[in-house]
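J.: below is the structure, and that's it, no one-letter string:
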């Protein structure tokens, strides 16, 4: 093999008349009689090779045997293309290489799908041959974005006095909401390590150790139900700081996010991100990660439905509506039925609707609203002809969830989302606890180490459900990019929270005794945040599938189709670990 003198993406008119060597994959082949044009490709770009039978019969004859994706090494002379032959879509489009000699380094087998067209095969099939899919321009670009984001984050944090410190991957099982992945110990039969859901306890211990600014780009693991923006193993930019409050961490994370967007995709985000309280976000958008690229807020309707003849909503805790402007004429019954099914899938019992025409409400449940009430609704909600309103009445959480999802679905249908716009914001003042009806106890909304707001500390004993946390989430375009909180740094408060969560004293000592012990020895006030790197890259890349930005992802059933993991292990391995499978065939 000859050593490359250049990549396939860097040659230009400055190299004209020079002899060069390029190594890469055959991207395209075009036959023109005694001349063959071949585009050679590597991750840097493409260059056009020209095989001329008159110049080198041997190279020409070899080129006739080439197939797409063969690996080749070509030596030739750079020449400028004719004015009419310049390709403005290629970085190397002003030149071509007249080949003197070529070596086929590896012939490819017939390809299972067309490399230049990801849509030519199903996602599962492409994941089986992921190493081929990774050759596509789109995925190569995505992984370059990922690399650049890594470097930008490290630079920003290092320049702001953060230390990158690694924490253990084999740790104690301390469930924090999702299930742990467990690792059996061969040396200590019957005992298990866990893979970290996050380095939460370790980074708090680092604060107690005096490392006041820590970060780590770290792998985390959660054995939970998956969806398009989740993976069983994921990467986060993990950050912790001492002697800070919420504003300090939010300011730092805003600066980090702004730098990544500027350096990676040249987007200028605002110097400060809007701040929205959790309850306000839920009431207005039905979600704590609202997409602000379009408006269409949820509006209260209970005051109108209560005085109407529509009795279905009168016992509902909440009634809200969505107004979609100037589309009523294309929302036929079949379309509405489809949206009703969508709302039911997200928890609603049904979907009510009315259209606006000639100053009155028509269709759906309009007949239950008298003329005067209709006029008031049209006036108050500023409704116009050809608008349609969708309504859901139910428990507050059901209304939020179903209408919030419907808001996004309709925005996609109506092309209301500008995909070149980025709308970041902070969500604050989340509830500290939520009631788990199945377990009949409170659970932590974030994790059990999050500090309650100081003014709410007395409510831990009297009214836990109303306690707000010192947590904060960074949200953009409908995705939660990261979340964090000020931590509990006092042992007595931490014990009180454990008690409230139903973690008995013995259990707390068993799971978190090392942290409780450490809190006795001068723990500083501290807090942090973790940015989900995979989800961040997903937004940077403009895709809604997290698998598009991970080199070797799992499916939504947590399997790898390429290497067929998880897989069975031998009985000998199980015996060494002291394990026996109950359902082994």
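T.: Looks like it came in fine. This is a predicted model, so every value here is computed, not measured.

J.: residues in contact with residue 571?
T.: By CB atoms under 8 Å, 6 or more residues apart in numbering, no residues touch residue 571. Backbone N, C-alpha and C define where each C-beta goes, glycine included.

J.: distance of it from residue 580?
T.: 9 Å (CB to CB, to the nearest Å).

J.: my read: residue 444 touches residue 432, true?
T.: Yes: Residue 444 is within contact range of residue 432, at 7.3 Å (criterion: CB atoms under 8 Å).

J.: these two: which has the busier surroundings?
T.: Using other CB atoms under 10 Å, the more surrounded residue of residue 444 and residue 432 is residue 432, with 27 against 21.

J.: how far away is the more buried one from residue 470?
T.: Residue 432 is 9 Å from residue 470, by CB to CB.

J.: and for residue 290?
T.: From residue 290 to residue 470 the distance is 21 Å (CB to CB).

J.: could you do residue 348 as well?
T.: In terms of CB to CB, residue 348 sits 33 Å off from residue 470.

J.: likewise for residue 204?
T.: Taken as CB to CB, the span from residue 204 to residue 470 is 14 Å.

J.: what do you get for residue 488?
T.: Applying CB to CB to residue 488 and residue 470 gives a distance of 9 Å.

J.: what's the answer for residue 45, then?
T.: 49 Å.

J.: next: residue 27.
T.: Distance from residue 27 to residue 470, by CB to CB: 54 Å.

J.: can you check residue 249 too?
T.: 10 Å.

J.: find the residues that touch each one of the two.
T.: Common neighbours of residue 249 and residue 470 (criterion: CB under 8 Å, 6+ apart): 486, 527.

J.: quick one on the thing from earlier: between residue 432 and residue 470, which contacts overlap?
T.: What both residue 432 and residue 470 touch, as defined by CB under 8 Å, 6+ apart, is the set 450, 452.

J.: helix, strand, or coil at the nearest residue to residue 479 once chain neighbours are set aside?
T.: The shortest distance from residue 479 to any non-neighbouring residue, by CB to CB, 6 or more residues apart in numbering, is to residue 535 (5.5 Å). Residue 535 carries the three-state label helix when classified by DSSP: H, G, I helix; E, B strand; the rest coil.

J.: ok, residue 535 - how many residues close by?
T.: Residues lying near residue 535 (other CB under 10 Å) number 22.

J.: what do you get for residue 88?
T.: Neighbours of residue 88 using other CB under 10 Å come to 7.

J.: surely it is within a strand?
T.: No: going by three-state DSSP, the assignment for residue 88 is coil, not a strand.

J.: now it: phi and psi?
T.: phi -70, psi -10 (degrees, to the nearest 10).

J.: check residue 121 too.
T.: phi -140, psi 160.

J.: renumber starting at 25 from here on
T.: Happy to do that; since the first residue is 25 now, the last one works out to residue 145.

J.: what does the pLDDT read for it?
T.: Residue 145 is assigned 93 on the pLDDT scale.

J.: just the one 5 residues further on next, same as before
T.: In the prediction, the pLDDT value recorded for residue 150 is 95.

J.: what's near enough to touch it?
T.: Residue 150 neighbours (CB under 8 Å, 6+ apart): 137, 142, 156, 157.

J.: where is pLDDT lowest across those?
T.: Where pLDDT dips furthest among these: residue 142, at 88.

J.: was I right to think that residue contacts residue 157?
T.: Yes: at 6.7 Å, residue 142 counts as touching residue 157 under the criterion of CB under 8 Å.

J.: between those two, which one's more packed in?
T.: Using other CB under 10 Å as the criterion, residue 142 and residue 157 rank with residue 157 on top: 20 against 16.

J.: what helix or strand is the closest residue to the more buried one other than its chain neighbours on?
T.: Leaving aside its chain neighbours, residue 157 sits nearest to residue 150 (4.5 Å; criterion: CB to CB, 6+ apart). In this assignment (DSSP states H and E), residue 150 forms part of helix 147-152.
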